[in-house]
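**Q** here you go, sequence then predicted model.
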Amino acid sequence: MSGLTFRDTLHILSKRGDNYVNFQTARQDMGSVENKQFNAWIAATGEYIIMERNLTDNEDITTKYFHSKDSENAGVFQDDWDARGSITYQEYDAMFS
């Protein structure tokens, strides 16, 4: 399989080609930040993804992501999770460019 793939039911994130990184669900916040929901996944490598779903406009719900690409920064997951309402998110396919 090639291309970018995210399978929500299996929590698998695929990079280009057949190089897969398996992520496990780590956190979920269904609304402590006004009109936003957050989910986080962590891999054994220390990489993690935080997803922000903005529900402000029910006609145009947006979903963006924050991806920690550097496994050496794995210790900052809790810091990024705590700051989830203010970190910079991007479109899914931009995470790997």
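**A** Sure, I can see it.
**Q** sec struct for residue 31, please.
**A** What DSSP: H, G, I helix; E, B strand; the rest coil gives for residue 31 is coil.
**Q** so how far is residue 80 from it?
**A** Residue 31 sits 19 Å away from residue 80, going by C-beta to C-beta, to the nearest Å. Using the backbone N, CA and C atoms, a C-beta is placed for each residue, glycine as well.
**Q** out of these two, which sits in the busier spot?
**A** residue 80 (15 against 10; other C-beta atoms under 10 Å).
**Q** which residue packs closest to the more buried one, ignoring adjacent ones?
**A** Excluding the flanking residues, the one nearest residue 80 by C-beta to C-beta, 6 or more residues apart in numbering is residue 87, at 5.9 Å.
**Q** ok, now residue 67?
**A** Residue 67's closest residue in space is residue 95 (C-beta to C-beta, 6+ apart), at 4.2 Å.
**Q** can you confirm the one you found is in a strand?
**A** No: counting by three-state DSSP, residue 95 falls outside a strand, being helix.
**Q** quick check: it touching residue 51?
**A** No: using C-beta atoms under 8 Å, residue 95 is not in contact with residue 51, being 10.6 Å away.
**Q** list the residues that contact both of those two?
**A** Both residue 95 and residue 51 are contacted by residue 65, under the criterion C-beta atoms under 8 Å, 6 or more residues apart in numbering.
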